[in-house]
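Trainee: 3D, please:
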Amino acid sequence: MTDRPGLRARQKAKTRAAIRRAAYRLAADHGWDAATTDRIAEAAEVSPSTVARYFPVREDILLTDEDDELLEARLRARPAAEEPLESLRAVVVDAVRTALAEEPEETRLRARLMVEIPAVRARLTETTAATGRRLARAIADRTGRCADDLEVRVFTAAVLGALREATVHWAEHGRGDDLVDLLNRTVDTLRTGLTAP
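Mentor: Residues are numbered from 1 along each chain as shown. Model prediction:
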């Protein structure tokens, strides 16, 4: 009886992964417009209603995953005396490094579509804001503030927005640079500000 929730969770994760793989294949081979819910469902061998249940917004297939909970947990596990900016750098850069190592083609395709497809870019802004709200709670707890404090919200949104912009820059310039290096440069810019060349 106690194994059933674990099995159910694993089955859900397997279904989500199948939908995501199908969407990426279709988008890579035929473009995002061709990756309709019906075609994704057929390629993933599930019903269109299953795709819609797991991903009510089609662009979320590209952009959302289960990493927000893990990011928050890793942020909370950082050393208590570490500056919030360095804590965010550590968890986000590590997540990107892992994605590039484990899913390099999907990561590059996601970045390309983010630049090319306005709906994907717009949805990314929304999902980044949702991630920011979640991580702001951890930042607030670490700094003894309220998660709704203006300073906490501004800080978290600024860091995540800057890291998103670094990813857009990477995608716009052919994805040839080292994305991890660009993210680290971004955090360094936030720390030191912009100086004249």
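Trainee: ranges for the helices of this protein?
Mentor: In the chain, the helices defined using DSSP state H lie at 3-30, 37-44, 48-54, 60-63, 67-77, 84-102, 104-116, 118-143, 150-172, 179-192.
Trainee: go through the ones you listed and pick out the most buried.
Mentor: Of all the helices of the chain, helix 60-63 has the most neighbours on average by mean count of other CB atoms under 10 Å, namely a mean of 20. C-beta: built from backbone N, CA, C; applies to glycine.
Trainee: how far off centre is it?
Mentor: On the basis of CA atoms, centre = their mean, to the nearest Å, helix 60-63 sits 9 Å off its chain's mean C-alpha point.
Trainee: same deal with stretch 51-67?
Mentor: Relative to its chain's centre, stretch 51-67 lies at 11 Å (CA atoms, centre = their mean).
Trainee: before we move on, what about stretch 133-153?
Mentor: 20 Å.
Trainee: residues contacting the closest residue to residue 149 other than its chain neighbours?
Mentor: The shortest distance from residue 149 to any non-neighbouring residue, by CB to CB, 6 or more residues apart in numbering, is to residue 140 (6.7 Å). The neighbours of residue 140, taking CB atoms under 8 Å, 6 or more residues apart in numbering as the test, are 146, 147, 149, 152.
Trainee: for residue 140, give me the pLDDT.
Mentor: Note on residue 140: pLDDT of 95.
Trainee: pLDDT-wise, which helix or strand of the protein ranks last?
Mentor: In the chain, no helix or strand scores lower on mean pLDDT, DSSP states H and E than helix 3-30, which sits at a mean of 84.
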